[in-house]
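Asker: Kindly generate the corresponding structure for this input.
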Amino acid sequence: MILRRPRKDEFEKLVELHKQLEHEFPFPDLNIVSSLWVAVEDDEIVGFGILQPIFESILVLDKTKSKTSRITALAELEERAEYELSSQGITQFHAFVQDKKFFNLLKKRFGFKTTKGIALVKVI
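Answerer: Residues are numbered from 1 along each chain as shown. Below is the predicted model:
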């Protein structure tokens, strides 16, 4: 097995491979990937790996302040995050939430969506 960068004539094959998983996630936007490699065995692509940046929204609100003030601050912070990321061509950002009420608030009032799968992280 060897790892190498894909050739231009192999991108169609990558799209074909992804069709096996398209119900799980859309084909990545190759304009924003940091790295793309193919695993090749006997001159055939066995798989490919993509690294792309993922932006995370980290929100810390003072629980001693009124609910109205916290929601107003949250709205302002989220609006700023959307503006800054969209001006850079970034189309999404993530929030990893543990509190069920906050989870519901982000979904109902701020347009966050539940992702498929379970979030994992690898510390290196």
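
Asker: CA atoms for contacts and neighbours, from now on please.
Answerer: Fine.

Asker: which other residues reach the lengthiest helix in the chain?
Answerer: Scanning the chain for the helix with the most residues, using DSSP state H, yields helix 67-86. With C-alpha atoms under 8 Å, 6 or more residues apart in numbering as the contact definition, helix 67-86 has outside contacts at 57, 59, 61-63, 91-92, 110.

Asker: Which ones among the residues you listed lie within helices?
Answerer: Residues of the contacts of helix 67-86 located in helices (DSSP H): F110.

Asker: biggest separation within the contacts of helix 67-86, which pair?
Answerer: By the measure C-alpha to C-alpha, K63 and T91 form the most distant pair in the contacts of helix 67-86, at 30.0 Å.

Asker: Using CSV, lay out the contacts of helix 67-86 together with pLDDT.
Answerer: As requested, the contacts of helix 67-86 are exported to CSV (pLDDT from 0 to 100):
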residue, pLDDT
S57, 89
L59, 89
L61, 92
D62, 94
K63, 92
T91, 85
Q92, 87
F110, 93
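
Asker: Now which of the contacts of helix 67-86 would you call buried?
Answerer: Buried by 16 or more other C-alpha atoms under 10 Å: nothing, out of the contacts of helix 67-86.

Asker: low-scoring stretches of this structure, by residue?
Answerer: Within the chain, not a single segment meets pLDDT under 70.

Asker: and the host helix or strand of V15, what other elements does it pack with?
Answerer: Element membership for V15, per DSSP states H and E: helix 11-18. The contact analysis (3 or more C-alpha pairs under 8 Å, 6 or more residues apart in numbering; DSSP states H and E) places helix 11-18 against no helix or strand.

Asker: In the protein, what residue spans correspond to strands?
Answerer: Under the criterion DSSP state E, the chain contains strands at 2-4, 35-41, 44-51.
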